[in-house]
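>>> okay, predicted coordinates and the sequence, questions at the end:
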Amino acid sequence: MAGSGDTSEYLHLGGSLGLVAIHGGGIEPGTEEIARFVAYHSGASLYVYAGRRSTGNLSLHRPSHRMKLEYRPLVMQFLNHVNMAISIHGHGRNERCAYVGGLHQAMVHQFVVVALAALSHYEWIFDPESIPLEMRGRNPNNIVNLPPAQGMQLELPRDLRRTKPAADGRKLEPAGDALVLSRLLVSYVSMLMDNGPRNA
């Protein structure tokens with residue numbers, strides 16, 4: 001793990017699909033825990049950039065397409081290794097809405113079908129025109145769109161990012177609906193790495 005005190009970076013190179021939490025730690029709480037859970041249980045690759053301040057982490061937030069990735073060797077290793085990506089983000093808008101963006105439309109459409117079946121008490125919005133501009137994940141410079149096959153960006157409300165202390169008491173892990181979502185993503189990511197997404 002690399003970092004400056006206020007922030008840290010973590011890289012694990014596993015499968016051809018990569019999980020990304022570029023606003024982990026205290027920046028968008030719960031996103032790092034979901035990404036780590038999914039990568040660990042599916043064998044996917046993982047990149048985390050996290051805020052580690054005791055307070056004030058939100059000031060560390062930078063839009064994904066504006067982060068100077070060329071100055072981050074771990075990001076470049078990640079991008080040179082993976083073929084597609086799923087980026088986990090959080091939002092503080094409508095607590096019953098999850099936004100599903102990114103440029104890999106087949107992945108987006110396929111995932112929304114599974115998410116609606118498992119977590120139907122949330123609204124899964126995937127039409128780009130219905131997603132707030134800053135949450136669409138469609139900028140070609142966004143880290144989720146830089147792998148060869150591009151990827152999917154999830155913008156999750158607080159309940160889908162909820163965490164609890166793990167049994168060892170040293171870390172947090174997804175809880176409640178966030179755990180349901182994490183397990184769903186494990187199955188979905190494993191399927192993608194075995195077969196790839198179906199065409200839209």
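Ah, there it is.

>>> ranges for the helices of the chain?
Counting by DSSP state H, one finds helices in the chain at the ranges 31-42, 73-81, 105-118, 177-195.

>>> now stretch 174-186, how far from the centre of its chain.
Offset of stretch 174-186 from its chain centre (C-alpha atoms, centre = their mean, to the nearest Å): 12 Å.

>>> mind listing what the residue nearest the centre of the chain touches?
Nearest to the mean C-alpha position of the chain, by C-alpha atoms, centre = their mean, lies I88 at 1.7 Å. Applying C-beta atoms under 8 Å, 6 or more residues apart in numbering, one finds that I88 lies in contact with L19, V20, A21, T31, E32, I34, A35, L154, L156. Placement of C-beta: from N, CA and C, glycine included.

>>> what of R52?
Residues near R52 by C-beta under 8 Å, 6+ apart: G3, G5, D6, T7, S8, G25, G26.

>>> of these, grab the buried ones for PyMOL.
Buried subset of the contacts of R52, written as a PyMOL selection, criterion 16 or more other C-beta atoms under 10 Å:
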select buried, resi 7+8+25+26
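
>>> tell me the one of the contacts of R52 nearest A167?
G25 (20.9 Å; C-beta to C-beta).

>>> compute the number of surrounding residues for the closest residue in space to the closest one that isn't next to it in sequence.
In this structure, G25 finds its nearest non-sequential neighbour in A50, 3.1 Å apart by C-beta to C-beta, 6 or more residues apart in numbering. Neighbour count for A50, taken as other C-beta atoms under 10 Å: 23.
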